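>>> Take this sequence and fold it.
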Amino acid sequence: QVRLVESGGGLVQAGGSLRLSCAASGRTFSSYTMTWFRQAPGKDREFVATIVWSDGSTYYADSMKGRFTISGDNAKNTVYLQMKSLRPEDTAIYYCHADNIFAQYWGQGTQVTVSS
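Take a look at the predicted model:
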């Protein structure tokens, strides 16, 4: 059974940092693209950052560039999202997503709340 389990969310003051983790299990994810999305209350789910596991290429939403860093640990089958200089508008549920041409999977999400 394929599972993506996010962790690391919580409450942080504006300007603070958090590191989210997405632990993948159930298969080898070396052929997958791993992506973080987020969804704020009353808003659509939006793209945050992605990493292509096979070659390590990374891509970011413009508003996250320079503040967020996505990385992966192949040995641990885990993807990270390091977030710094957090703003109240970063408050959202953050979801991990894995996909290739055959399948896609979602995690259950982890709540990030940034207080002003």
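
>>> The residue nearest in space to the middle of the chain pairs with what?
Centroid check for the chain by CA atoms, centre = their mean gives Trp36 as the closest residue, at 3.1 Å. Counting by DSSP bridges, Trp36 is bridged to Ala49, Cys96.

>>> go on, Arg19?
Beta-bridge partners for Arg19, by DSSP bridges, are Gln82.

>>> List the contacts of it.
By CB atoms under 8 Å, 6 or more residues apart in numbering, Arg19 lies in contact with 8, 80-83. Glycine gets a C-beta too; all of them are placed from N, C-alpha and C.

>>> and if we set it to 7 Å?
Neighbouring residues of Arg19 by CB atoms under 7 Å, 6 or more residues apart in numbering: 8, 80, 82.

>>> Distance of it relative to Tyr59?
Distance, Arg19 to Tyr59, by CB to CB, to the nearest Å: 19 Å.

>>> Ok, Cys96 next?
Cys96 is 15 Å from Tyr59, where distance means CB to CB.

>>> cool, and Glu46?
Glu46 is 14 Å from Tyr59, by CB to CB.

>>> Likewise for Val52?
Taking CB to CB, one finds Val52 at 8 Å from Tyr59.
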